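1. Predicted model, plus sequence, below.
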Amino acid sequence: MALNVRVLEAFSLYRFFHVGDAETLALQGVSLHLDRGEIVAILGPSGSGKSTLLACLAGLDEPDGGYVELLGARLTRRPEAARAAMRATKIGILLQSGNLFDHLSVADNMLARMCLAGVVDPRRVDELLDLVGLSERRAAYPAQLSGGEAARAGLAVALAVSPPVLLADEPTGEVDAETEMMLLRLFKARRNAGEATLIVTHSEALAAHADRVVRLRDGKVVDA
Ligand SMILES: Nc1ncnc2c1ncn2[C@@H]1O[C@H](COP(=O)(O)OP(=O)(O)O)[C@@H](O)[C@H]1O
Ligand SMILES: [Mg+2]
């Protein structure tokens, strides 16, 4: 039997936002973990802190309290350059938008992502473009893509370096049924390859495909 290997762990994360006199307690002591080969869904209504949590887990944002460990190494409270270096090789990030550089073609976006990690592999680009059904669109620029194509291109970039951890924010939020099936297929292929995937969603239907569901409400984990 395969050993559980913890790839990502959050310890009591807090994140507060202040706008004028108003304070939002976006994360209030959130702890969770993600093991090798797992698909975990973070399920919660709009405003429950899902995107804030994902940004902290990815090292894109710094929590006000608590910390994150990525493959056993501390990710939080390091200089941005150190966090970026850890992200480059270990984390694929699929945001709701802004996954592509506008001035680069689809294939060049993937190559740029590989460059960051220091592993340029043109064969992997071809293979991934084929997997997401964008082989014919490899030379297209983001502005020329349909919504579904842009979502699939973002996925191809997120998976370009076969990261051990994939963090996806509402990946099926605005895609057609066919793209949703493709996303699920790729997430399950990652599971078979021992790679971990964390999906942030408000969809019970999508969460039903996960190995584990962590429910978030008002910045707190409920019945995890
Ligand atoms: N940069 C920010 N500045 C102020 N408030 C924010 C900021 N980011 C998020 N929030 C607030 O934190 C709460 C959680 O937001 P978010 O993490 O985006 O929730 P979700 O992704 O679950 O919809 C919301 O009340 C939101 O308005
Ligand atoms: Mg969100």
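-> That came through, no problem. Ligands and ions are numbered 1, 2, ... in the order given.
2. Flag every buried residue along the strand or helix carrying Ala150.
-> Ala150 is part of helix 147-158 when elements are defined by DSSP states H and E. Buried residues in helix 147-158, counted by 16 or more other C-beta atoms under 10 Å: Gly148, Glu149, Ala150, Ala151, Arg152, Ala153, Gly154, Leu155, Ala156, Val157, Ala158. In short, each C-beta sits where N, CA and C put it, glycine included.
3. out of these, which one sits closest to Ala189?
-> When these are compared for distance to Ala189 (C-beta to C-beta), Leu155 wins out at 11.9 Å.
4. quick one, what contacts the closest one?
-> Leu94, Val132, Pro171, Leu183, Leu186 (C-beta atoms under 8 Å, 6 or more residues apart in numbering).
5. what packs against whichever helix or strand comes after the helix holding Ala150?
-> Per DSSP H and E, helix 147-158 leads on to strand 165-169 as the next helix or strand towards the C-terminus. Contact analysis of strand 165-169 by 3 or more C-beta pairs under 8 Å, 6 or more residues apart in numbering; DSSP states H and E lists helix 50-57, strand 91-94, helix 177-192, strand 196-201 as its packing neighbours.
6. before we move on, back to that, going by distance to Arg113, which of the contacts of Leu155 wins?
-> Leu94 (11.7 Å).
7. pretty sure the closest one contacts Thr172?
-> No: using C-beta atoms under 8 Å as the test, Leu94 is too far from Thr172 to be in contact (10.6 Å).
8. So these two - more neighbours on which side?
-> Leu94 (22 against 19; other C-beta atoms under 10 Å).
9. For that one, report the pLDDT, please.
-> Turning to Leu94, the model gives it a pLDDT of 94.
10. Now do the helix or strand of the chain with the lowest mean pLDDT: distance to the chain's middle.
-> The helix or strand of the chain with the poorest confidence is helix 204-207; it has a mean of 88 (mean pLDDT, DSSP states H and E). Put simply, helix 204-207 sits 16 Å off its chain's centre (C-alpha atoms, centre = their mean, to the nearest Å).
11. again with stretch 194-213
-> Distance of stretch 194-213 from its chain centroid, counting by C-alpha atoms, centre = their mean, is 11 Å.
12. Then stretch 93-100?
-> For stretch 93-100, the distance to the chain centre is 9 Å (C-alpha atoms, centre = their mean).
13. same thing with stretch 186-199?
-> Its chain's C-alpha centre lies 12 Å from the corresponding centre of stretch 186-199 when counted by C-alpha atoms, centre = their mean.
14. what residue lies at the spatial centre of this protein?
-> Leu167 (1.7 Å; C-alpha atoms, centre = their mean).
15. Might one say that that residue is in contact with Gly92?
-> Yes: in terms of C-beta under 8 Å, Leu167 counts as a neighbour of Gly92; the distance is 7.1 Å.
16. what bits of this protein have low per-residue confidence?
-> Within the chain, the stretches with pLDDT under 70 are 1-3, 224.
17. Those residues of it touching ligand 1, which are they?
-> Within the chain, the residues that sit near ligand 1 (C-beta under 6 Å from any ligand atom) are Phe17, Val19, Thr24, Ala26, Gly44, Ser46, Gly47, Ser48, Gly49, Lys50, Ser51, Thr52.
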